[in-house]
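Colleague: Quick one, structure for this:
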Amino acid sequence: MKTYDDLNDAGTELYLCAVNDGDFYRQSVTPVINNLAKHYSKGIFNNDLAVRPFYRLSDSFAKMYVKEYCTEGSKIFTKQDKQECAEAMLFHYMELIIEKAGELK
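Modeller: The predicted structure is shown next:
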């Protein structure tokens, strides 16, 4: 699993913007964390599968980022950048997922 320190420049930019966007966190990240916490509390949590929802989040945030900060039609984030961002986001939020899972028990 990648951490923030392992990201390239584009992945770092995507990660930092996604993690620090309050609206994105409240509207998109919180439901994913709650869902993964349910899986963790039931004992069916899988790290490999947990990256998928964070990949969808990083993909949707990349589209928002390009729409807001770049010219029309720009593709600045590769699939690898989004995948690395997703892995770093999972690593970042894992402690919160475990904490919420403890509250569910």
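
Colleague: Please make it C-alpha for all contacts and neighbour counts, starting now.
Modeller: OK.

Colleague: Name the secondary structure element that contains residue 24.
Modeller: Assessed by DSSP states H and E, residue 24 sits inside helix 22-24.

Colleague: For that helix, buried residues please.
Modeller: residue 24 (16 or more other Cα atoms under 10 Å).

Colleague: what sits up against it?
Modeller: Identification of contacts with helix 22-24 by Cα atoms under 8 Å, 6 or more residues apart in numbering yields 18, 61.

Colleague: 7 Å instead?
Modeller: Outside helix 22-24, not one residue touches it by Cα atoms under 7 Å, 6 or more residues apart in numbering.

Colleague: swap in stretch 71-86?
Modeller: With contacts defined as Cα under 7 Å, 6+ apart, stretch 71-86 is touched by 2, 7, 10-11, 14-15, 51, 54-55, 58-59, 62, 66.

Colleague: Give me the neighbour count for residue 99.
Modeller: The number of residues packed near residue 99 is 14, by other Cα atoms under 10 Å.

Colleague: To clarify, my last question referred to residue 20.
Modeller: Per other Cα under 10 Å, the neighbour tally for residue 20 reads 10.

Colleague: Angles on the backbone of it, please.
Modeller: For residue 20, the backbone dihedrals are phi -100, psi 0 (criterion: degrees, to the nearest 10).

Colleague: Could you tell me which ranges of this structure sit under the pLDDT cut-off?
Modeller: Residues of the chain that meet the criterion pLDDT under 70 lie in 1-2, 4, 72-73.

Colleague: Identify the residues contacting residue 18.
Modeller: Residue 18 makes contacts with residue 61, as judged by Cα under 7 Å, 6+ apart.

Colleague: Distance from the chain centre to the helix or strand encompassing it, please.
Modeller: If you go by DSSP H and E, residue 18 is part of helix 9-19. From the chain centre to the centre of helix 9-19 is a distance of 10 Å (Cα atoms, centre = their mean, to the nearest Å).
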